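Chemist: Here you go, sequence then predicted model.
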Amino acid sequence: DVVTLTDVLRTTRRAADAVTKLAWNNADVKALIRNINGVERLKQLLERRDQKVQRAAAGALITLDEHENLVREVKKKTDEIADRPDDMRLRDVLKTSVRWLAELAKECQTFNQAAAEGDMVDAVVRAGAVEAIVPLLSLGQAIGEECTASIGDIEKEASYAISLLASKETNQNRIAEAGALPGLVALLQRYPPQTTGSVPTSVARRAADAVTNLAHENNGIKNQVRVEGGIPPLVSLLETKDPKVKRAAASALRTLAFKNDDNKNQIVECGALPMLIFMVKSEDQLIHYEAVGVIGNLVHSSTHIKRRVLDEGALQPVIGLLSSACPESQREAALLLGQFATTDSFKVKMVQRGAVRPLIQMLGNSDEQLREMAAFALGRLAQDADNQVGILHAAGLRPLLDLLDCDKGNLQHNAAFALYGLADN
């Protein structure tokens with residue numbers, strides 16, 4: 001019989017699962033597995049591209065208490081590197097240990113008995129990973145060596161690990177209290193957009209990702225990022241040529257701007273609007289999606305920022321996104337146009353510049369949220385007499401009537417609001 005790759009991966013996963021069950025609460029079996037080099041082989045499986053194999057290997061490593069060993073190793077090597085900062089082998093060991101901890105945090109989202117008091121991210125945090133990794137964010141400063149490849153690699157891995165641990169909201173405050181934000185902001189400031197080389201750009205990207213996850217729906221941390229000076233370097237990173245860094249910076253700003261007026265104002269005052277509007281015009285779907293998301297959060301419930309955004313020339317690029325191949329960008333653009341439409345002088349301009357037909361086309365999309373946002377924007381536009389004629393002329397009546405038959409309350413409400421406007425004519 002021919003053995004396929006699928007067969008090999010299935011067997012590998014089952015073997016890792018078997019290790020987990022054999023070693024569970026059995027110190028003798030754990031010692032035996034370590035003695036036959038089982039831990040190193042399981043670590044190799046974390047680098048496989050098959051997620052099921054990765055999760056099984058991570059579960060086995062947690063059961064073998066490798067996360068606790070890695071935390072101890074990171075703390076030990078961090079102390080040693082302060083005494084021997086030029087020891088390159090020491091740097092490599094430290095970088096690798098942090099990377100393995102990050103891999104465990106990444107692959108341990110859905111496991112069982114290995115983390116009896118929660119999932120395996122919790123197990124890694126309980127082992128002291130946060131307190132071990134946070135000091136590495138400032139390692140370059142601590143040893144007086146900044147922006148070098150080897151130190152940058154360690155800072156990158158530390159930022160990545162913090163980002164993964166912070167993706168669980170229950171860990172956000174613990175990470176912030178351990179002092180992560182000053183270190184992350186310092187990394188953002190240290191790697192400006194004109195810096196060249198793969199290590200600096202990846203450090204900035206990972207640091208921005210960590211800020212995004214730490215600040216997610218946590219207003220206290222959003223404020224702390226601003227107080228620590230994190231907004232200006234993030235705005236500066238919008239100008240980088242590296243698309244991944246650009247997206248990461250925009251994502252962080254989007255999170256920081258959400259329902260936080262002080263952050264919104266500082267982002268605008270730092271000059272983010274021209275670059276964000278330029279990004280909306282990008283052909284890269286991921287870039288224009290993040291950019292229009294930032295603008296949407298900035299203008300939400302902020303009339304003065306909405307006016308500045310429109311004065312900067314955002315209207316036409318946002319209308320252009322209604323025809324994007326990215327449904328998420330279309331949805332964000334429709335929502336933003338609905339917000340723009342509260343400004344009377346721009347309601348007619350939006351129709352004149354071609355917003356109506358793509359919005360009507362979106363009413364027939366299979367994506368429920370896309371239909372909802374299109375109906376929302378059309379409802380706002382339909383509060384103007386000239387726009388009412390334009391919507392009817394573009395055959396918008398029938399699709400709006402059809403939406404009344406759907407079983408989704410928000411969608412029905414938005415369609416009814418648009419029809420209410422049209423009926424006024």
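Modeler: Good, I have the coordinates.
Chemist: Just the residues contacting stretch 167-175, thanks.
Modeler: Residues outside stretch 167-175 that contact it (CB atoms under 8 Å, 6 or more residues apart in numbering) are 121-122, 125, 130, 134, 162, 165-166, 213-218, 220-221. Glycine gets a C-beta too; all of them are placed from N, C-alpha and C.
Chemist: make it 6 Å
Modeler: Val121, Val125, Val130, Leu165, Ala166, Asn213, Leu214, Asn218 (CB atoms under 6 Å, 6 or more residues apart in numbering).
Chemist: try stretch 250-264
Modeler: With CB under 6 Å, 6+ apart as the criterion, stretch 250-264 contacts 208, 211-212, 215-216, 222, 225-226, 234, 267, 290-291, 293-294, 297-298, 302.
Chemist: What mean pLDDT does that stretch get?
Modeler: What stretch 250-264 shows for mean pLDDT is 98.
Chemist: quick one: buried residues of that stretch?
Modeler: In terms of neighbour count (16 or more other CB atoms under 10 Å), stretch 250-264 has its buried residues at Ala250, Ser251, Ala252, Leu253, Arg254, Thr255, Leu256, Ala257, Phe258, Asn260, Asn263, Lys264.
Chemist: how close does the last one sit to Ala207?
Modeler: Applying CB to CB, to the nearest Å, one obtains 22 Å for the distance of Lys264 from Ala207.
Chemist: Next, give phi and psi for the residue nearest to Glu290 when sequence neighbours are not counted.
Modeler: Leaving aside its sequence neighbours, Glu290 sits nearest to Ala250 (CB to CB, 6 or more residues apart in numbering; 3.8 Å). Per-residue torsions, Ala250: phi -60, psi -40 (degrees, to the nearest 10).
Chemist: And for Gly144?
Modeler: Backbone torsions of Gly144, given as degrees, to the nearest 10, read phi 70, psi 30.
Chemist: Look up how far Pro85 lies from it.
Modeler: Going from Gly144 to Pro85 by CB to CB gives 8 Å.
Chemist: neighbour-wise, which of those two wins?
Modeler: Comparing Gly144 with Pro85 by other CB atoms under 10 Å, the one with more neighbours is Pro85, at 15 against 7.
Chemist: Let me know whether the more buried one touches Ala142 as I believe.
Modeler: No. In this structure, Pro85 is not within contact of Ala142 by CB atoms under 6 Å, at 8.8 Å.
Chemist: Quick check: the residue nearest to Glu290 vs Ala208, distance?
Modeler: Note on Ala250: its distance to Ala208, by CB to CB, is 9 Å.
Chemist: got it, and Arg89?
Modeler: 30 Å.
Chemist: neighbour-wise, which of those two wins?
Modeler: The neighbour comparison of Arg89 against Ala208 (other CB under 10 Å) goes to Ala208, with 29 against 8.
Chemist: mean confidence for whatever helix or strand the more buried one lives in?
Modeler: Using DSSP states H and E, Ala208 falls within helix 198-215. Averaging pLDDT along helix 198-215 yields 90.
Chemist: Is the residue lying closest to Met373 once chain neighbours are set aside within a helix or a strand, and which one?
Modeler: Nearest in space to Met373, with sequence neighbours left out and distances taken as CB to CB, 6+ apart, is Ala334 at 3.8 Å. Using DSSP H and E, Ala334 sits within helix 327-340.
Chemist: Run through who's touching that helix.
Modeler: 288-289, 292-293, 296, 299, 318, 321-322, 324, 346, 355, 367, 369-370, 373-374, 376-377, 380.
Chemist: picking that back up, after the helix holding Ala208, which helix or strand is next?
Modeler: helix 219-227.
Chemist: who's in contact with that next one?
Modeler: Ala176, Leu181, Leu214, Ala215, Leu256, Asn260, Asn263.
Chemist: any idea of the angle it forms with helix 198-215?
Modeler: Inter-element angle recorded for helix 219-227 and helix 198-215: 140 degrees (by axes from the mean of the first three to the mean of the last three CA atoms, to 10 degrees).
Chemist: mean confidence score for helix 219-227?
Modeler: In the prediction, helix 219-227 has an average pLDDT of 98.
Chemist: tell me how far it is from the chain's mean position?
Modeler: Chain-centre distance of helix 219-227: 17 Å, with CA atoms, centre = their mean, to the nearest Å.
Chemist: Quick check: what element follows it along the chain?
Modeler: Following helix 219-227 in sequence, per DSSP H and E, is helix 231-237.
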